[in-house]
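*Asks:* Kindly generate the corresponding structure for this input.
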Amino acid sequence: MQLSGVLHAHLSTLGFFVLNIDPVLFRLGPIAVHWYGLMYVVAISVALWALMRYSRKLGIHEEQLWSLFIWTAIAGLVGGRLYFVIQQPDLVNNYLLDPINIFAVWNGGMAFFGAVFFGTATLFLLAPRYGLSRWIAIDCGAFFAVIGQIFGRVGNVVNGDILGKVVSAHVAIPAGVCTQSPCIAYVSDPHILPWAIVYTNPNNTFATLGAAYHPAQVYEMLMNIAILAILLPLRFKLPRIRAGYFFIAYLALYAISQIVVFFARDTEPVTPFLGITAFKQAQWTGLVVLLLCIPLILIVRRFSAPWTYDTAHPVPLDGVAGVPTASVNSSRAVKSQLRPVKRAVPTLEPVDDLAPWEPTRVTGGGLRNILGPRS
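*Replies:* Predicted coordinates for the structure are as follows:
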């Protein structure tokens, strides 16, 4: 990738960035791999790696986390897409009458509030099934989100969606600058915002080519980084006060960021409400979420408790797959206990002393829930 002119001596003057990057990274026959999708994979991978380290220090076992993660990731992706779709002014013509467009995520369109709503609901409902507090589960979900969304914004920059307001409808790009893709260049111009972005790749279908935009995607990314900087030192402190406080702190900060950043966004129409015509849909959602954080604090104070587990004192797995607490000494020991029984074990208790079959256990009732002892 060319980076022509970025370190040029005229960088100190006003100007703009030229982005000539094809949104399609490469093709495998009829399959097109987009930068947008690649960055989602990177975001999920990095956030999952960080979440595993975080949860381990909270005394949560990987076996508890994996199944929760899979269901929550699916719910988050579905929720993010659906929440975007229902906000579109052409909902009926472009989506309901042509449903294939609902699945066309490569064309852009994920509302992160939808991912937060659906993902949080999934965590809250399923956490007890895997022996976890609902409140620490949503704390972990917030930690995952605050890291992952930073990388997702890189895909928005390349894709050319989440556009900001137009700085100039047409700018003069010097001949020979960024003619080959992929390329990023900086052009000095005393009449243009010094950090504006101009898209020039003909395959970009979101931005008007040659127009200079406020980089709303970058603004949002910077706000995501600021939220992470605030929350990172609190990731262990807040759960020690009450599990769930970390989630509320994230939710409030993210809501504030959306209220602020959407003033720079120009791709969403203003949504009149209660006679007010100053806010867009995401800003109204942010205001509602911010107000809901107040009763959420009271709910957490009433129903949650301080999180007392850590690496040295992990969460007991008695209620999960019939694993006795005493056997939880390492991840390897846990995994061996969670494997289906393939041979007779002479030390098992008599059948009459076994716990009754529990269909709601995560083992699905196999071998009377792995022949767990009666409690």
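*Asks:* hey, let's count contacts and neighbours off CA atoms from now on
*Replies:* Fine.
*Asks:* hang on, isn't residue 61 packed against residue 314?
*Replies:* Yes. Because the distance of 7.4 Å satisfies CA atoms under 8 Å, residue 61 is recorded as touching residue 314.
*Asks:* Which one's more surrounded, these two?
*Replies:* More crowded of residue 61 and residue 314, by other CA atoms under 10 Å: residue 61, with 24 against 19.
*Asks:* How about the contacts made by residue 220?
*Replies:* Applying CA atoms under 8 Å, 6 or more residues apart in numbering, we find residue 220 in contact with 153, 257-258, 261.
*Asks:* Apply 6 Å and report the result again.
*Replies:* For residue 220, no contacting residues are found, by CA atoms under 6 Å, 6 or more residues apart in numbering.
*Asks:* mind checking which helix or strand it is in?
*Replies:* helix 216-231 (DSSP states H and E).
*Asks:* Show me which residues of that helix are buried.
*Replies:* 216-221, 223-225, 227-228, 231 (16 or more other CA atoms under 10 Å).
*Asks:* which residues sit against the next helix-or-strand element following that helix?
*Replies:* Sequence-wise, the next helix or strand downstream of helix 216-231 (DSSP H and E) is helix 237-241. With CA under 6 Å, 6+ apart as the test, helix 237-241 has contacts from 245-246, 306-307.
*Asks:* Quickly name whichever of the residues you listed is closest to residue 18.
*Replies:* residue 246 (39.1 Å; CA to CA).
*Asks:* Show me the helices in the stretch 51-200 of the chain, by range?
*Replies:* Residue ranges of the helices in the stretch 51-200 of the chain, as given by DSSP state H, counting those that start in this stretch, are 62-86, 112-126, 134-159.
*Asks:* now for the last one, which elements pack on it?
*Replies:* Taking 3 or more CA pairs under 6 Å, 6 or more residues apart in numbering; DSSP states H and E as contact, the helices and strands that helix 134-159 lies on are helix 35-57, helix 216-231, helix 245-261.
*Asks:* quick one: the last one to chain centroid distance?
*Replies:* Just to be clear, that refers to helix 245-261. For helix 245-261, the separation from the chain centroid amounts to 13 Å (computed by CA atoms, centre = their mean, to the nearest Å).
*Asks:* Kindly format the C-alpha coordinates of that helix as PDB.
*Replies:* The C-alpha coordinates for helix 245-261 follow below in PDB (Å, rounded to 0.1, in the frame of the first residue of the first chain):
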ATOM      1  CA  TYR A 245     -21.400  -1.800  37.400                       C
ATOM      2  CA  PHE A 246     -18.800  -2.200  34.600                       C
ATOM      3  CA  PHE A 247     -21.500  -2.900  32.100                       C
ATOM      4  CA  ILE A 248     -23.500   0.200  33.200                       C
ATOM      5  CA  ALA A 249     -20.400   2.400  33.000                       C
ATOM      6  CA  TYR A 250     -19.800   1.100  29.400                       C
ATOM      7  CA  LEU A 251     -23.400   1.600  28.400                       C
ATOM      8  CA  ALA A 252     -23.500   5.200  29.700                       C
ATOM      9  CA  LEU A 253     -20.200   6.100  28.000                       C
ATOM     10  CA  TYR A 254     -21.100   4.500  24.700                       C
ATOM     11  CA  ALA A 255     -24.500   6.300  24.800                       C
ATOM     12  CA  ILE A 256     -22.800   9.600  25.300                       C
ATOM     13  CA  SER A 257     -20.400   8.900  22.500                       C
ATOM     14  CA  GLN A 258     -23.200   8.300  20.100                       C
ATOM     15  CA  ILE A 259     -25.000  11.400  21.100                       C
ATOM     16  CA  VAL A 260     -21.900  13.400  20.400                       C
ATOM     17  CA  VAL A 261     -20.600  11.700  17.300                       C
END
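*Asks:* any idea of the angle it forms with helix 134-159?
*Replies:* 30 degrees (axes from the mean of the first three to the mean of the last three CA atoms, to 10 degrees).
*Asks:* what mean pLDDT would you report for helix 245-261?
*Replies:* For helix 245-261, the per-residue pLDDT values average out at 95.
*Asks:* and if you look at the longest one?
*Replies:* Helix 35-57 shows a mean pLDDT of 91 in the predicted model.
*Asks:* Compute the number of surrounding residues for residue 118.
*Replies:* Neighbourhood size, residue 118 [other CA under 10 Å]: 23.
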